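Undergrad: One predicted model, sequence on top.
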Amino acid sequence: MIRGHIQKQAYFFLAALMAAVLVALMPRVAVAQDAAEATAAETTVDGAEAADAAVTETAGSYTPMAPTEGKGMPVQGGITFQDQFSANGDYALWMHNSILLPVITIISLFVLGLLLWVVARYRRGANPTPSKTTHNTLIEVVWTLVPVLILVGIAVPSISLLAKQYETPPEDAVTVKAIGYQWYWGYEYPDNGGFEIISNMLDEADALASGEPPQLAVDNRLVLPANTPIRLQTTAADVIHSFAVPSLWFKLDAVPGRLNEKMLVIDEPGVYYGQCSELCGARHGYMPIAVEALPRDQWEAWVRQQPGGTVGGDEGSDQPAFEPAELEVPDSVLPDAPTAGPPPTEDTSPTT
Ligand SMILES: [Cu+2]
């Protein structure tokens, strides 16, 4: 009777274990399928890419930088963070890989070992008369103190990372304002003449044609200087959005009526992709962010090419002065989307 019961339990345990292994393996299978599809898609891109490169070369002036595969973007089957291109990102990645992951692994293995030992050593067969001990002061002190010490140990790098992320940018930092709209981004350069860039997602065909990852590529990128402190401010025109670029370790909510601010220093030139990370409505998943970091001189040249763009208080710029009325009316990706349209020009929020 008892043996039958134990057998039943053993089968149940085995079945649960197999189910767990299956669940753990499922994403791998899906990834393998995706990879096969991706290679099929890539082969069709190459030709279009070459044609596109020829077109942009003749256009002269600013040419959008070609992204580097795997840099500043997610990779197929990736299970950890993206490679980091900012000092905070390097620190955070170090903390994850050298502190959190080992601590989690050691604790999990230790607890699993204890469980298995208790199951084997104190099962009814091996230990017919159980001990009635209820207290052991030494063990109680140890299992209280050790977790406290572990948490304090983690708190030190954790709090310093938090502090680093909110360091005040120096006075000469370049100010850029990212404005979230339903459902695209606007980038304003108040220190450089106040022009605004409107950034909409490219559709899949256009993204692939320009050699960029679909759903991350945009028509107009947020162009920033590399190796320069940037005072990145976020706000929104309608609902809460969130400006997030994983490979730059940057995420900051964009809240209507508020101006949030964080410093960003990008280590090296490149293209870095991100997405709106606050559920903001029907097309939340289709308002990606593409940051292009250029060497400082190239970035300044790009600024001077923008309508009204100035660098360091340029005098006598031959560009026309910035006039808000000339703001480009953004084309929504979906022209018939119910609320997609130009940014509001006046305050229409209800008064209470
Ligand atoms: Cu959004």
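TA: That came through fine.

Undergrad: All the helices of the chain, in order from the start?
TA: 2-59, 87-95, 101-121, 137-165, 204-209, 296-305 (DSSP state H).

Undergrad: Lowest mean pLDDT across these, which one is that?
TA: Lowest mean pLDDT of the helices of the chain: helix 2-59, a mean of 47.

Undergrad: burial measure for the closest residue to residue 81 other than its chain neighbours, as a count.
TA: Nearest residue to residue 81, sequence neighbours excluded (C-beta to C-beta, 6 or more residues apart in numbering): residue 93, at 5.7 Å. Placement of C-beta: from N, CA and C, glycine included. Neighbour count of residue 93, defined by other C-beta atoms under 10 Å: 16.

Undergrad: what number of residues lie near the residue of the stretch 51-200 of the chain found nearest the ion?
TA: Across the stretch 51-200 of the chain, no residue is closer to the ion than residue 180, which sits at 5.2 Å (C-beta to the ion). Using other C-beta under 10 Å, residue 180 is surrounded by 27 other residues.

Undergrad: Quick check: chain neighbours aside, which residue is closest to it?
TA: Distances taken as C-beta to C-beta, 6+ apart put residue 241 closest to residue 180, at 2.9 Å, once the chain neighbours are dropped.

Undergrad: Now do the same contact list for that neighbour.
TA: Applying C-beta atoms under 8 Å, 6 or more residues apart in numbering, we find residue 241 in contact with 180-181, 185, 234, 253-254, 276, 278, 280, 287.

Undergrad: what do you get if the cut-off is 7 Å, keeping everything else the same?
TA: Neighbour list for residue 241: 180, 254, 276, 278, 280 [criterion: C-beta atoms under 7 Å, 6 or more residues apart in numbering].

Undergrad: cool, and residue 72?
TA: For residue 72, the contact set (C-beta under 7 Å, 6+ apart) comprises 85, 247, 270-273.

Undergrad: Show me the residues you listed that map onto strands.
TA: Among the contacts of residue 72, the members found in strands (DSSP state E) are 270-273.

Undergrad: could I get those residues as CSV with distance to the ion and pLDDT?
TA: Shown next, in CSV, are the ones in strands among the contacts of residue 72 (distance: C-beta to the ion, whole Å; pLDDT from 0 to 100):
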residue, distance to the ion, pLDDT
270, 24, 94
271, 21, 95
272, 18, 96
273, 15, 96
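
Undergrad: Of these, which is the nearest to residue 164?
TA: In terms of C-beta to C-beta, no member of these lies closer to residue 164 than residue 272, at 19.0 Å.

Undergrad: Not counting its neighbours along the chain, what's nearest that closest one?
TA: Residue nearest to residue 272 in three dimensions, not counting chain neighbours: residue 72, with 3.5 Å by C-beta to C-beta, 6+ apart.

Undergrad: For the nearest residue to residue 283 once chain neighbours are set aside, the count of nearby residues, please.
TA: Closest residue to residue 283 apart from its sequence neighbours, by C-beta to C-beta, 6+ apart: residue 183 at 3.8 Å. The local packing of residue 183 (other C-beta under 10 Å) involves 25 other residues.

Undergrad: Domain-wise, how is the chain divided?
TA: According to automatic domain parsing, the chain comprises the domains 1-30, 87-123+142-165, 174-314.

Undergrad: Distance from the longest one to the middle of the chain?
TA: When you say that, I think you mean domain 174-314. 13 Å (C-alpha atoms, centre = their mean, to the nearest Å).

Undergrad: Kindly report the residues of this protein close to the ion.
TA: Within the chain, the positions lying close to the ion (C-beta under 5 Å from the ion) are 241, 276, 280.

Undergrad: before we move on, the earlier item: and the domains of the chain: which comes nearest residue 132?
TA: Across the domains of the chain, closest to residue 132 is domain 87-123+142-165 (C-beta to C-beta), at 13.2 Å.

Undergrad: Just the endpoints, please. Distance across the closest one?
TA: 10 Å (C-alpha to C-alpha, to the nearest Å).

Undergrad: Likewise for stretch 209-223?
TA: Stretch 209-223 has an end-to-end distance of 21 Å (criterion: C-alpha to C-alpha).

Undergrad: still on that earlier bit, could you give the bridge partners of the residue of the stretch 51-200 of the chain closest to the ion?
TA: residue 185, residue 236 (DSSP bridges).

Undergrad: In this structure it contacts residue 236, no?
TA: Yes: with contact defined as C-beta atoms under 7 Å, residue 180 reaches residue 236; the gap is 3.9 Å.

Undergrad: what is in contact with the two at once?
TA: Shared contacts of residue 180 and residue 236 (C-beta under 7 Å, 6+ apart): residue 254.
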